[in-house]
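Participant: From the sequence below, what's the structure:
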Amino acid sequence: MNKNTFILLLLPSVFCFGQNKTVTAEVSVMEPEVNNSLKVPASQCKYVMEPVYLRNENSVIYHDCNTRKYLPVKGNDITLPKNNSEGFFALDKEGVYYKGDYIKIDTAGFKIVGQIGDHQEALWKVKGKVYKNFTQIRVSDPDTFVPAYCANGDYYKDKNFVYYRDKKMPDADVKTAFEACREYFYDKNYLYFNGKIAKVNNEVLFSVNEALAKTKTKVYSRDMRPHPEMDAKTIRPLSRRFSVDAKNVYYNLEKLPVKGDFKNLKAWDQVNSSYLSDGHSIWTADGKQDADLDAKTFGMLPHSDFFYDKKGVYKKIYSEKLEKGVNEKFPFDYTDDVSEQNLFITDNSWYIVYKNQAYDPWNKVIYKNLTDGQLAAARQNTLNLSKEIENRKIEKQFSQNLYLAEGKIYCHGQETDADARSFTSIGDNWNFYKDSKNVYRYIGYGENSKLTTIKGIDPQTVQTFGNFLKDKDYIYSGNYKMIENKNAELLGVFTGYRPGCGLDRNPSSNYYLFRNDSGFWLVMISGKVVIRNLGMELPEGWHDGIKEFELKPSVY
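Facilitator: Numbers count the residues shown, from 1 in each chain. Got it, this is the predicted structure:
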């Protein structure tokens with residue numbers, strides 16, 4: 001889903017494969033419900049919560065919570081850049097739109113660097129220049145300017161300096177810069193708060209790790225509470241959260257029952273798991289000893305919670321019978337001791353490879369006897385395996401489980417009846433595909449993703465209309481028909497219902513204002529599609545919060 005065009009609530013349908021492996025499931029186009037009293041309820045936003053660019057054939061309309069403006073450009077003349085998660089940006093051939101305003105600039109090398117200030121402002125760059133909103137800022141090397149750690153944080157860096165938002169921090173060490181996506185930031189030397197070296201009682205705070213800092217005499221947690229049981233002279237970091245002083249080992253602020261010689265300590269902090277080795281035992285973050293693991297050969301696979309020792313590769317699962325976490329060993333044929341030399345995880349974390357075997361931990365499938373070419377593909381992060389086509393060459397990858405191989409379209413290794421010669425995505429919407437015979441919807445993730453034929457949409461004329469589809473006859477939301485496609489335009493989008501607490505099972509909704517040759521139409525998309533024809537002129541009361549609605553000519 002491309003959030004930057006507008007918000008589309010996809011409707012639930014039944015997606016499943018039939019018994020014949022060459023046939024995809026089918027759904028038919030459904031008629032919308034008609035409600036002649038439908039109206040947009042009042043909400044905290046006049047229009048829509050998230051900024052969006054509504055692209056029509058002859059117009060582009062920018063929306064955010066309280067702003068709606070026509071832009072002097074046609075819909076096909078602008079593009080929405082990648083990583084535009086806040087929806088602020090659009091590009092044309094000669095410049096950049098930011099929150100609906102325009103700056104004429106060479107867009108070569110355009111990239112959104114990050115959002116700052118509760119995501120209400122943005123840092124972005126083109127070749128040789130960096131901007132905060134519409135103001136160019138000075139950085140040492142624009143081409144290497146990136147987030148210091150997190151794109152939603154306040155700290156950035158280039159190859160020479162660290163920056164707090166758009167301000168250089170001359171004291172910060174760029175090589176050891178680290179932060180945790182908040183106002184605090186640290187490097188090997190100092191702790192920083194809002195871009196400045198942090199102090200407590202007028203004493204400089206030096207960094208320990210993500211959990212601790214210290215002055216020359218005291219150790220402090222990040223909420224500036226002193227911890228006199230910790231020794232400021234000897235405390236040192238082991239990882240983001242583990243630390244040690246002359247007498248004790250700590251995880252965050254908790255003292256661990258680790259005793260003896262601290263010279264051989266090694267710690268791992270990854271994703272949702274933390275482990276400590278003292279050379280003799282493995283300890284977890286809650287201070288429990290894991291006697292089943294070999295401390296001398298223990299390690300963790302990068303960017304994951306998976307771990308190993310010489311006896312195997314594991315993940316932690318909860319045993320209801322034992323009422324505790326246990327180590328589940330992955331089903332490799334273990335012919336040699338496991339080590340860094342014969343084990344790795346792919347960069348996308350999809351496969352764990354031991355010797356010539358690959359394991360998919362998400363779908364619990366083991367693949368054995370990989371070829372040299374498959375092992376090379378795994379290291380290049382391009383490996384895709386399936387029991388059904390294990391030795392077939394994938395010619396084109398549409399998604400993790402949807403691909404073209406040997407002249408056929410496969411989904412989860414099952415041959416579909418889609419025509420491979422004409423199968424292609426519809427515009428830039430990765431949810432929808434077509435061939436010469438049908439339109440298809442691909443939705444879900446992993447084993448839950450399915451390819452479903454939608455009967456009733458014309459594959460010869462279908463194209464994207466923002467995040468909707470249109471053919472020569474109608475506009476569609478998924479497999480729901482909405483309105484006729486006769487000079488149709490999308491003029492407005494409005495925030496509807498948003499669920500409250502986790503027990504709220506009511507579906508979200510959004511409202512859309514369209515115009516075609518039959519007049520204005522109000523459409524609600526939620527668990528279903530509801531439409532109302534508003535007539536040739538907008539009537540009073542179609543929106544509880546808007547008395548006037550600007551309707552400029554759509555051709556510039």
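Participant: Show me the shaky parts of the chain.
Facilitator: 1-24, 386-392, 400, 429, 444-448, 501-504, 553-556 (pLDDT under 70).
Participant: Residue 36: what's its closest spatial neighbour, skipping adjacent residues?
Facilitator: Excluding its sequence neighbours, the residue lying closest to residue 36 (CB to CB, 6 or more residues apart in numbering) is residue 532, at 5.7 Å. Using the backbone N, CA and C atoms, a C-beta is placed for each residue, glycine as well.
Participant: show me the contacts for that neighbour.
Facilitator: Residues near residue 532 by CB atoms under 8 Å, 6 or more residues apart in numbering: 34, 35, 36, 37, 38, 39, 521, 522, 523, 542.
Participant: swap in residue 89?
Facilitator: Counting by CB under 8 Å, 6+ apart, residue 89 has contacts 4, 80, 81, 96, 97, 98, 112, 122, 124.
Participant: roughly how far apart are the fifth one and residue 53?
Facilitator: Right, residue 97. As judged by CB to CB, to the nearest Å, residue 97 and residue 53 stand 7 Å apart.
Participant: picking that back up, which positions within the helix or strand hosting the residue nearest to residue 36 qualify as buried?
Facilitator: Element membership of residue 532, judged by DSSP states H and E, is strand 529-535. For strand 529-535, a neighbour-count test (16 or more other CB atoms under 10 Å) marks 529, 530, 531, 532, 534 as buried.
Participant: would you list the residues you listed in a markdown table and tack on distance to residue 128?
Facilitator: Putting those into a markdown table (distance: CB to CB, whole Å) gives the following:
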| residue | distance to residue 128 |
| --- | --- |
| 529 | 48 |
| 530 | 51 |
| 531 | 50 |
| 532 | 51 |
| 534 | 49 |
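Participant: Now for those residues: which two are most distant?
Facilitator: The span of the buried residues of strand 529-535, defined through CB to CB, is set by 529 and 534 at 16.0 Å.
Participant: All the helices of the stretch 351-500 of the chain, in order from the start?
Facilitator: In the stretch 351-500 of the chain, the helices defined using DSSP state H, counting those that start in this stretch lie at 372-379.
Participant: Going along the chain, name the helices of the stretch 101-250 of the chain.
Facilitator: Going by DSSP H, counting those that start in this stretch, the stretch 101-250 of the chain shows no helices.
Participant: And for stretch 419-435, what's in contact with it?
Facilitator: Against stretch 419-435 from outside (CB under 8 Å, 6+ apart): 1-2, 10, 398-399, 404, 407-409, 418, 436-437, 439-443, 451, 459, 462-464, 467, 469.
Participant: Could you give the separation of that stretch from the chain centroid?
Facilitator: 23 Å (CA atoms, centre = their mean, to the nearest Å).
Participant: buried sites along that stretch?
Facilitator: In stretch 419-435, counting by 16+ other CB under 10 Å, buried: 420, 423, 425, 426, 429, 431, 432, 433, 434, 435.
Participant: Now distance to residue 273 too, for those, in a markdown table please.
Facilitator: Below are the buried residues of stretch 419-435 laid out as a markdown table (distance: CB to CB, whole Å):
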| residue | distance to residue 273 |
| --- | --- |
| 420 | 42 |
| 423 | 41 |
| 425 | 37 |
| 426 | 41 |
| 429 | 36 |
| 431 | 33 |
| 432 | 38 |
| 433 | 38 |
| 434 | 43 |
| 435 | 44 |
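Participant: between these, which is nearest residue 489?
Facilitator: residue 429 (18.9 Å).
Participant: picking up where we left off before, among the contacts of residue 89, name the ones in strands.
Facilitator: Among those, the members falling in strands (DSSP state E) are 96, 97, 98, 112, 122, 124.
Participant: Give me the neighbour count for the last one.
Facilitator: Residue neighbour count, defined by other CB atoms under 10 Å, stands at 22 for residue 124.
Participant: same question, the third one
Facilitator: The criterion is other CB under 10 Å. On that basis, residue 98 has 18 neighbouring residues.
Participant: Could you give the bridge partners of it?
Facilitator: residue 89, residue 101 (DSSP bridges).
Participant: follow-up on the earlier one: what subset of the contacts of residue 532 is buried?
Facilitator: Using 16+ other CB under 10 Å, the buried members of the contacts of residue 532 are 38, 39, 521, 522, 523, 542.
Participant: which residue sits closest to the second one, ignoring its sequence neighbours?
Facilitator: Read that as residue 39. residue 542 is the one closest to residue 39 (CB to CB, 6+ apart), at 5.4 Å.
Participant: So residue 383 sits against residue 346, correct?
Facilitator: Yes: under the criterion of CB atoms under 8 Å, residue 383 makes contact with residue 346 at 6.4 Å.
Participant: Compare these two and say which is more crowded by neighbours.
Facilitator: Counted by other CB under 10 Å, residue 383 and residue 346 do not tie: residue 383 has more neighbours, with 21 against 18.
Participant: what about the closest residue to the more buried one other than its chain neighbours, how many neighbours?
Facilitator: With CB to CB, 6+ apart as the criterion, residue 383 has its nearest non-adjacent residue at 4.2 Å, and that residue is residue 377. Residue 377 is surrounded by 18 other residues when neighbours are defined as other CB under 10 Å.
Participant: From residue 408, how far out is residue 377?
Facilitator: 20 Å.
Participant: same check, this time on residue 202
Facilitator: For residue 202, the distance to residue 408 - CB to CB - is 72 Å.
Participant: More neighbours: which of the two?
Facilitator: residue 408 (18 against 6).
Participant: what comes into contact with stretch 318-325?
Facilitator: Here stretch 318-325 has contacts from 316, 317, 326, using CB under 8 Å, 6+ apart.
Participant: Mind putting those residues into a markdown table with secondary structure, distance to residue 278 and neighbour count?
Facilitator: Output for the contacts of stretch 318-325, formatted as a markdown table (DSSP: H, G, I helix; E, B strand; the rest coil; distance: CB to CB, whole Å; neighbours: other CB atoms under 10 Å):
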| residue | secondary structure | distance to residue 278 | neighbour count |
| --- | --- | --- | --- |
| 316 | strand | 20 | 16 |
| 317 | strand | 25 | 9 |
| 326 | strand | 22 | 14 |
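Participant: Out of those residues, which comes closest to residue 67?
Facilitator: Nearest member of the contacts of stretch 318-325 to residue 67, counting by CB to CB, is residue 316, at 48.3 Å.
Participant: does the nearest residue in space to the closest one that is not next to it in sequence belong to a helix or a strand, and which?
Facilitator: Distances taken as CB to CB, 6+ apart put residue 325 closest to residue 316, at 5.0 Å, once the chain neighbours are dropped. In this assignment (DSSP H and E), residue 325 forms part of strand 324-329.
Participant: on contacts alone, who are the packing partners of the next helix or strand after that strand?
Facilitator: Once strand 324-329 ends, the next helix or strand along the chain (criterion: DSSP H and E) is strand 343-345. Secondary-structure packing of strand 343-345 (3 or more CB pairs under 8 Å, 6 or more residues apart in numbering; DSSP states H and E): strand 352-354.
Participant: Which strands and helices lie in contact with the strand it packs on?
Facilitator: By 3+ CB pairs under 8 Å, 6+ apart, strand 352-354 packs against strand 343-345, strand 357-360.
Participant: And the contacts of that strand?
Facilitator: For strand 352-354, the external contacting residues (CB under 8 Å, 6+ apart) are 301, 306, 313, 330, 332, 334, 338, 342-346, 358-359, 361, 370, 375, 378.
Participant: Also stretch 266-286?
Facilitator: With CB under 8 Å, 6+ apart, stretch 266-286 has contacts from 238-242, 249, 251, 254, 256, 258, 260-262, 264-265, 289-291, 293, 295-296, 298-300, 302-305, 307, 316.
Participant: Tell me who's in contact with residue 125.
Facilitator: By CB under 8 Å, 6+ apart, the neighbours of residue 125 are 109, 110, 111, 113, 131, 142, 145.
Participant: Thanks a lot, see you next time.
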